[in-house]
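**Q** sequence below, structure please.
(chains A, B and C)
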Amino acid sequence: MTETAPDLDRLRGGAPPRNHDARTIAALTANPGCARRGVMDAAGVDKDAVARELGFPSPFGQSQFAITRGNAFEAQVKADGCAELLTLLRDGLGLAVPEVAYDDLEVVAGNEGRELRHARTRRLLARALESGEGTLFDHPLLRLEIAGQLAYLEPDVIAFQLAGRLHVIEIKSFAVVDGQAEPEQVAAAARQSAVYVLALRRLVSELGHDPARVSHEVFLVCPENFSNRPVAAPLDVRPQLAVLERQLARLTRIDRILDALPGDLTFGPGAALADAVRTVEARYAPECMAGCEMAFFCRDEARACGATGALGRSVRDDLGGVDTIGTALALADGSLDPSDDLAETAAQLRTAARLRDEALAAVRAETLAGAPTPEARGARDGAA
Amino acid sequence: MSALTSLAQLRAAVDGIAQPLATVRHCHVAEAPLVLVPLKLAGEAAAPLAVLVGAARDDASLLVVPQPRNRDLRFQFAAEFAKLVLNHIETSRGGVEELPPGKDGDERIRYGDAPQLLVPNRGGVGFLRLLGRSTRFRSTEGPYAVDPAVPVLGRWLTWFADRYDHPGSSLLRAMTEVLRLHWATGQSSLEDGNLAALLGWIDPPDGLDGPAAAARAEDPVTCPPAGPATDPTFDNEVLAPAIAAYDRSGGDHRAEERLRGAIAGQLEPTWELMWRAVGLLRALPEGASVPGRWERDRDAFTYYHQTFGEAYPQARRDPPVRAARRLHDLERAQDAYDAQRAFDDPLVMAEYRLAGQAFGGVVTDCEPDRLDETGKRPKLRPHLRVGTADPVRLDVGTTVCNAARPALKGKIVELAAGSVLLELTGGMGRKLTAEPGSVPRPGERVCFTSLSEGSFGAAKFPDREDTPWTHGGPPEEYVPTDEDAEEEWS
Amino acid sequence: MTERRPAAQVDDGADPSAAATRVVEDVLADLAGSHRGVVVDSPPGAGKSTLVVRAAAHLAAAGERLMIVAQTNEQVDDLIERIADKHPDVALGRLSASGYAPSERVLARPSVRVAQKADDLAERTVVIATAAKWATLAGGSWPWAIVDEAYQMRSDMLLRIAGRFERALFVGDPGQLDPFSTVEVERWTGLSWDPMRSAVSVLLAHNPELPVHRLPVSWRLPASAAPLVSEAFYPFTGFRAGTREGERRLEYGARGMGTTYDLALEEAAASGWALYELPARHTLRTDAEAVRATAALAVRLLQRGPVAHSEHGSAPVGADRVAIGAAHRDQVTAIRAALGPHGEGITVDTANRLQGREYDVTVVLHPLSGRRDATAFHLESGRLCVLTSRHRHACVVVARAGIPELLDAHPSTEPVHLGVPVKFPDGWEANQAVLARLAAHRVEAD
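**A** Model (predicted):
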């Protein structure tokens, strides 16, 4: 445990740390500049519960159709000792997979304790690395240290040994149509796989082997086109691994942020929760809505204080150093004299305002007769 | 994005109402566009669940797949949908224009009109693209035979989706994108992807301002998503039980009606939004080059319609020559489209003025009869000084043209603080004195820009059978196979 | 930047000149072999143009008719100048577009003939033109082509011109900027003939057996820069400097006055690098203070009468040997305006346009200076690579403080496409490597 651990425990208000999985760990890389998220994640705070308590429940519901489809696809690929999967690896990718052994590490003699399961994973992988025996290891329960806490990874993948190297196989239910898949979904899968690769590498080196025996090439197994037939695609996750290692290293530096926070800060439920959350600065951008449970709370906060970032990163960047909408507009209409460091931004905003007004005035003058302009509203019944 | 757009967004945020980004409409809006609001089954690539479709607000047809996992029901849906879409295509041709014969004496015609498809958002376009992909290879014979209309639909949907990529085309448009071309809201582009929220900013319901309307739009109970993805809560609490009931009933009519009712409730709000948006767009005056671009759309439509019978379904992926040719076409269209919008619309031109690629102001000095006599023959080269407060970022020697009359061209001779001296080089007639009215006079407001419409020439490409060795040599001609026709659709 | 491929050991110790000569000889030997194509990767300043000239003369001497493809008119004229001077006996043809006015340096060379139609150049041994011009030809065929700056060329351009030649030598720098487009190009991702991939990448995807050579020595970059550029931007295809530490010197004729500009210039002269750091601030792209500093550093450099001592002897560094690089066009315009008459003759351009060019000293406005949110554009490693690898003696980077924090906060959410090789180096890592090095040469503005 690191020395920040006691503080982090208090931050959770006594609740146990939320269990990380590959998805939540991968999400750590999404907005690393956000101190609020950094602190909450490092402490293992249940952000979903906090957001709900604050009145901004996160809308990350999943349709049962999607869940059913995902489960059915995975079950089908893994049926009969992964028969379909092996055919795919051999015929689809042309891999020379000699003999086949399939070990499911999910349940240990009816006992599902995580330590037990992890121990079994270690044991089997140690043997495999020594002897080269064993091919498919389903549901390996891995561990990764997150900000000084050991997190067990909910096993969602298969470790596949080929020619002395371990590969991660990830089964996803989004479709690959004519060789292409949704880039955002592939990116998410790559980020998650990178978490497993990293955890496997840590385990392999703990076992005294070269971590490079875990390949950076993972295999993504998805339904092909519009069918249920699986197709495998190799995926090089080196970029994601680099980002992940960087961000995990950064998380351990969270104590710098903690130092600046009041000693009695806690995110436990209660009337003071909103203020407590606001104590830690957020770096909200609209992209947060795709992955952070706190996003709606942070958006509300950003909007309330007129933060330009609420309109998007590019808007914020366009406006140089101006953080708030009010300041930007005051600079644009000349009602605020800029400080030296904002002089240029102010000049550009004033030019922009003049050009906009000029263009709109010209059109207004032309359309005095009443022809509609874009500002004309109430045209709701225009459609026949 | 530019500071000008950002400024409009800031104003929208403060005023609580969207701000114009355009003073004219930059897309064609058909007399009777075919509005489509599709839904797909969650977790699947393109399994249709339903579509609300029609060419008039009061003429919507609802098609539903009561059990989306049932292959037969899906193809039944595809066949019904095909009939509606194909009927619209066939009835949107208008008359036939005879064109002057082509270079080799070919007869050339152009349909007087073309079908326009409108979907709520990019996801809708993606869905049509995938639905096209999943139906165009189907066989109408043999063990997996489908209704003859199904592969025809697939090819047309694929064609529309391909045209969608073509900058400036109006054959298939996503409503959120069209609206965002004309208005800036006080929310981010991500949130603008929600049609209800976007329209809430542009045209809020009575009693609400933009932010309130947008907030309301984010509640999926009040404003169901505009598809093609459904609201997960609706799936779990309404749709799944309704489909289960339909299954249990063995296809009973009342169970199907209940299911249809539930789905209609999800689609109708978006349907209303779509037509409201159409009305808003219609109320804008049309940009000067919109008819020209629609004419290109009509040409493309005429060509595809005329050659439909001779062609195979579009290949799964573009072979090398087609890919290169298509990229070139798109870049060329993008270039022309960007320039045309700026010439059509002073508010768009303002973006270029802010970026220093154009400048506007008042003519302060003019030498309309100036001749350049350094060459063999004298040339008419009037000088024009334009006073401008714009941040000009053009170099001396740059060729510019008049935004209001692009034929009038000139060269920048001198850049001084607050003014630009131009030497006019063309667009004043063929004589040594300028045509009356062609040279702007002192006091006149002008705008000059380095943008030009035809800067991107046409290019030569090898024929498919001459695909070079660097690109793998000539690919085999694509011929649909039985395997394509049998492709699982589960 | 480019994808792939197997790492080759830079064999240290051996004479760099001998190592480079060996590669060139291997390339020429391959031209006599049976391969339809030969690829030569050339890191910055590794003698690419020399190789092109040499290969052209070699093929011409063997009696082969040859076409040379360059990417810009300036590159065409550069090559004409070099070939005509080195091999005045080779009959050269310069094929040009109708609007092109031949430059003085082309007209001055008697062995060159300029024409707009290929037929008018039929008897010339070597015909040179831009790729765009070659693409207008509907017919004609040459037994050999040399494609220069082949990594700058998009593969769709190669498709249009490949019918004109039987066999080809492709030469280019894999570390430069990726080809780009103004339209959506996702449709073609994963295809081996994706028109957005570089000409070399598509060529090798379809012809994996073609020999690929790598020029191992940068004659341009000094010993202070080659290891950094090699590690940061060519992690799998390292190279080294042709000169040793201390073999090149930059000296000033005039003494400094202790200003921060002078201190930065002195640091650059002493170590080959300087980071002129302005206070942290989020700014517009055309950050006036940074623009002013960038221009002032270049002007001050000239005022101090710099003299470059190198293996070629000693020569004063004139304005024509100094370049200023920036990421955006508006920055370039602003810097040009700020330079004023004292900076006349200094080249100011974007990274895109500085590709393939060489100067004694460069001043670079860092792409991330003053940014609040970095985009993929700003992080593209090829951009920084071009900007930090144009100099023979020294490079002064101007930046606002805070870039490390910006990189730290950068979200990693880039989309991933199936079947597309991973690009190396990662822009983030490359930026970090360069910053880490620059930190040791920091001069804070006052």
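**Q** what's the neighbour count on residue 8?
**A** Here I'm looking at chain A. Per other CB atoms under 10 Å in any protein chain shown, the neighbour tally for A:Leu8 reads 23. Where C-beta positions appear, they are placed from N, C-alpha and C, glycine not excepted.
**Q** chain B is the one I meant
**A** 22.
**Q** what of the one 10 residues further on?
**A** Neighbour count of B:Ala18, defined by other CB under 10 Å: 30.
**Q** with the one 3 residues further on instead?
**A** The number of residues packed around B:Leu21, counting by other CB under 10 Å, is 24.
**Q** how about the closest residue to it other than its chain neighbours, phi and psi?
**A** Among residues not flanking B:Leu21 along the chain, B:Ala184 sits closest, at 5.1 Å (CB to CB, 6 or more residues apart in numbering or on different chains). Dihedral pair for B:Ala184: phi -110, psi 140, per degrees, to the nearest 10.
**Q** doesn't B:Thr5 make contact with B:Ala184?
**A** Yes - the pair B:Ala184 / B:Thr5 is scored as a contact, 5.9 Å apart, by CB atoms under 8 Å.
**Q** these two: who's more crowded?
**A** B:Ala184 (26 against 20).
**Q** now do the contacts for the more buried one.
**A** B:5, B:8-9, B:11-12, B:18-21 (CB atoms under 8 Å, 6 or more residues apart in numbering or on different chains).
**Q** tell me the average confidence for the helix or strand hosting B:Ser134?
**A** Under the criterion of DSSP states H and E, B:Ser134 resides in helix B:122-135. In this model, helix B:122-135 has a mean pLDDT of 96.
**Q** again with stretch B:31-41
**A** 97.
**Q** next, show the common contact partners of B:Ala184 and B:Thr5.
**A** B:Leu21.
**Q** quick one: what helix or strand has residue 24 in it?
**A** Here I'm looking at chain A. Secondary structure (DSSP H and E) places A:Thr24 in helix A:22-27.
**Q** wrong one, I was asking about chain C
**A** helix C:16-31.
**Q** three-state assignment of A:Ala328?
**A** Three-state call for A:Ala328 (DSSP: H, G, I helix; E, B strand; the rest coil): helix.
**Q** can you report how many residues lie near A:Asp275?
**A** A:Asp275 has 9 neighbours, counted by other CB under 10 Å.
**Q** that one should be in a strand, yeah?
**A** No - in this structure, A:Asp275 is helix, not part of a strand, as judged by three-state DSSP.
**Q** what does the model give it for pLDDT?
**A** So A:Asp275 comes in at 93 (pLDDT).
**Q** again with the one 3 residues further on
**A** Each residue has a pLDDT score; the one for A:Arg278 is 94.
**Q** picking that back up, packing partners of the helix holding B:Ser134?
**A** Here helix B:122-135 touches strand B:34-40, helix B:71-91, strand B:117-119, helix B:149-164, strand B:172-174, going by 3 or more CB pairs under 8 Å, 6 or more residues apart in numbering or on different chains; DSSP states H and E.
**Q** contact partners of the third one?
**A** By CB under 8 Å, 6+ apart, the surrounding residues in contact with strand B:117-119 are B:33-38, B:125, B:127-128, B:160, B:171-175, B:274, B:278.
**Q** roughly how far is stretch B:144-160 from the heart of the chain?
**A** Relative to the chain's own centre, stretch B:144-160 is displaced by 23 Å; criterion: CA atoms, centre = their mean, to the nearest Å.
**Q** what mean pLDDT does it have?
**A** Stretch B:144-160 comes out at a mean pLDDT of 95.
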